[in-house]
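In: Next come a sequence and a model predicted from it.
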Amino acid sequence: GHSNGAFMSYRMACDHADQIAAIVSLAGATFADDGKCTPSEPVAVAQIHGDMDETISYTGGSLVGNAFPSALQTVQLWAAHDGCDPDPVAGPAKDLEAMIAGSETSVSIYGSNCKPGGHVELWTVAGGKHVPALSNDFKTQVIDFLDAHPKP
């Protein structure tokens, strides 16, 4: 999901983890109050967020009185839900934003010692805004992430 749809993706993962294998959030976040999220089992998560997002700040904040955590806090919370080690490893850079030259997206992977079905990644788009100009490979990379994380 993108933006509000990304928030909804996290809500579905929190409330229906038994039915959700993986989500991809573009410019969204999980609950600021982690007590509102009690997934019954792991859900793989890819959080994609531009560090220059002017609507849903990469560093967290609030929108119309509703607080949301940063992109980093979001993936750290989900890594904990999924039982993953708290220290990520760097993955290969990606080219997700068509208007920014090169592979502008860094990848942090929380994939060690996760419970079955658990895996979390943060894809940070350096210079990315709230509504990115998606690269030709964006859809393929998202689908590849989802395909790689079926229900165990």
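Out: Happy to help now that I have it.

In: Regarding the residue sitting nearest the centre point of the chain, what is its secondary structure?
Out: Nearest to the mean C-alpha position of the chain, by C-alpha atoms, centre = their mean, lies residue 47 at 1.3 Å. Assigned with DSSP: H, G, I helix; E, B strand; the rest coil, residue 47 falls in the strand class.

In: Check what contacts stretch 143-152 and list those residues.
Out: Residues outside stretch 143-152 that contact it (C-beta atoms under 8 Å, 6 or more residues apart in numbering): 21, 22, 24, 44, 46, 116, 117, 119, 121. The way it works is simple: take the backbone N, C-alpha and C, and place the C-beta from them, glycine included.

In: pLDDT on it, on average?
Out: Averaging pLDDT along stretch 143-152 gives 97.

In: Can you get me the start-to-end distance on that stretch?
Out: The first and last residues of stretch 143-152 sit 18 Å apart, counting by C-alpha to C-alpha, to the nearest Å.

In: And the strands in the protein, which stretches?
Out: 22-26, 44-50, 61-63, 66-68, 89-94, 105-110, 120-125 (DSSP state E).

In: So for residue 142, which of the ones you listed sits nearest?
Out: Evaluated over the strands of the chain, closeness to residue 142 peaks at strand 22-26, with 5.1 Å, by C-beta to C-beta.
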